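In: Sequence and predicted structure are below.
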Amino acid sequence: MRHQIRRFLPDHEAIRGNRWLAPFENTLLHPRLWDLNRRSAAGAVAAGMFCGLIPGPLQMLGAAICAVIFRVNLPLAMLTTIYTNPFTIVPLYVAAFAIGQWVLPGQGARFVPPPEWGNQSIVEWTRALMDWMAGLGAPLALGLLLLATGLALAGYALVRVAWRFYLVRVWHQRRRRHRVAGPDSP
């Protein structure tokens with residue numbers, strides 16, 4: 001599985017040779033940030049899923065900071081944040097608000113529909129979306145935290161289980177090939 005994912009990731013030496021990253025060599029060029037194994041992939045997906053719900057265009061920055069702090073795969077953490085986009089962000093925030101309302105039933109916040117993207121620019125629409133989120137208050141904030149945590153845990157577990165399933169399948173195939181070839185075969 002590592003080989004299939006690795007072909008989409010940048011080479012560690014290519015990163016090391018980048019002159020713009022030279023001042024950050026001790027942090028951004030740490031080998032564990034570019035290594036791809038079961039733990040780093042699962043942690044990167046968890047970081048990306050958690051940071052994907054950060055409001056505004058700061059998801060990838062948040063994922064990069066989490067990857068550096070927890071020493072998980074940096075490119076995969078940043079790539080995972082793409083699950084939130086203009087098409088999915090509103091349903092995710094509606095779900096987060098519902099979770100927050102369920103946990104905090106006494107809050108007076110009432111759900112209002114999100115702003116529509118009409119003739120506005122992306123900056124104006126983003127500002128209107130931020131005002132909409134601020135108006136929803138505590139239920140949205142708590143719901144976002146709970147949803148992000150749940151998505152991160154689910155992403156971590158899913159990657160660990162999928163990686164384990166893949167490894168077991170490869171081991172069984174290898175054992176089958178060994179049996180067919182016989183014990184005396186090289």
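Out: Nice, thanks for sending it over.
In: Which of the helices and strands in this structure ranks last by mean pLDDT?
Out: For the chain, using mean pLDDT, DSSP states H and E, the weakest element among its helices and strands is helix 2-6, scoring a mean of 63.
In: tell me the phi and psi of the closest residue to D131 other than its chain neighbours?
Out: Nearest residue to D131, sequence neighbours excluded (C-beta to C-beta, 6 or more residues apart in numbering): P115, at 7.9 Å. Glycine gets a C-beta too; all of them are placed from N, C-alpha and C. P115 has phi and psi values of phi -70, psi 140 when expressed as degrees, to the nearest 10.
In: which element is the most centrally placed residue in the chain on?
Out: Central residue check for the chain by C-alpha atoms, centre = their mean: the C-alpha nearest the mean position is that of G48, 1.9 Å away. Using DSSP states H and E, G48 maps to helix 38-51.
In: Might you calculate how far the top helix by length along the chain sits from the centre of the chain?
Out: When the chain is scanned for its longest helix (criterion: DSSP state H), the result is helix 122-181. Between the centre of helix 122-181 and the centre of its chain there are 6 Å (C-alpha atoms, centre = their mean, to the nearest Å).
In: Report the inter-axis angle for that helix versus helix 38-51.
Out: Direction vectors for helix 122-181 and helix 38-51, defined by axes from the mean of the first three to the mean of the last three C-alpha atoms, to 10 degrees, enclose an angle of 160 degrees.
In: Any regions of this structure where pLDDT drops low?
Out: Across the chain, the ranges flagged by pLDDT under 70 are 1-16, 21-26, 107-109, 182-186.
In: Run a quick neighbour tally on R127.
Out: Neighbour count of R127, defined by other C-beta atoms under 10 Å: 14.
In: Please disregard the earlier target; I meant L146.
Out: Using other C-beta under 10 Å, the number of residues around L146 comes to 15.
In: So which elements touch the strand or helix carrying M78?
Out: Under the criterion of DSSP H and E, M78 resides in helix 74-80. Secondary structure elements in contact with helix 74-80, counted by 3 or more C-beta pairs under 8 Å, 6 or more residues apart in numbering; DSSP states H and E, are helix 38-51, helix 59-70.
In: Can you say which of these is packed in most?
Out: helix 38-51 (a mean of 24; mean count of other C-beta atoms under 10 Å).
In: re the thing from before, could I have the helix holding M78 exported to CSV, CA atoms only?
Out: These are the backbone C-alpha positions of helix 74-80, laid out as CSV (Å, rounded to 0.1, in the frame of the first residue of the first chain):
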residue,chain,number,x,y,z
LEU,A,74,2.9,16.1,6.2
PRO,A,75,1.7,15.8,2.5
LEU,A,76,-1.0,13.3,3.4
ALA,A,77,-2.2,15.4,6.3
MET,A,78,-2.6,18.5,4.0
LEU,A,79,-4.2,16.4,1.3
THR,A,80,-6.8,15.0,3.6
